[in-house]
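Peer 1: here is my input, please return the structure:
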Amino acid sequence: MISLHTHTHTHTLTHRQLLFSHQQSLCESLKEEVEPAMCLHLISVIMFQQHTSTIVHIPGKLVPLVTTYLAKHLDTKTHSKLTECQKMVSDRLRSVGEGADNDGEDDDILDILLSELRELALTKPKKNVTAAN
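Peer 2: Predicted coordinates for the structure are as follows:
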């Protein structure tokens, strides 16, 4: 007969292994992704999982909700970058849908923001980071 303690310990290890495996899969996808909207989506989901230890599968239209939720888990500077990137990606998607040309300068800024956020998502978060930092 399996004791409750052993079962709980096994469940915890399985959960941690699942989280780690999922995190690694997301990170590999992010390393290869070039589309800004998908990069933002992956960054948001990775950061959510890093800070909540919860796997989440969401459609792209819910990325703004995840970004808002992350405000209490990220330092102000990182959250500002995430919010600005989200705004730029939304504007870009809207302009492409309307057939407008993209501004090269905006694309450069978006690329820089995505690069910085990608780096943050791919590194392990610091413990006890609060929104006050």
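Peer 1: give the contact list for the residue nearest the centre of the chain.
Peer 2: The centre of the chain sits closest to residue 44, judged by CA atoms, centre = their mean, with a distance of 2.0 Å. Going by CB atoms under 8 Å, 6 or more residues apart in numbering, residue 44 touches 63, 66, 67, 70, 82. (Glycine included, C-beta is placed from N, CA and C.)
Peer 1: what's the following helix or strand after the helix or strand hosting it?
Peer 2: If you go by DSSP states H and E, residue 44 is part of helix 36-52. Next along the chain after helix 36-52, taking DSSP H and E as the criterion, comes helix 63-70.
Peer 1: ok, longest helix in the protein?
Peer 2: Longest helix of the chain, by residue count under DSSP state H: helix 4-32.
Peer 1: and the contacts of stretch 15-35?
Peer 2: Here stretch 15-35 makes contact (CB under 8 Å, 6+ apart) with 39, 42, 43, 45, 46, 49, 50, 53, 55, 118, 121, 122.
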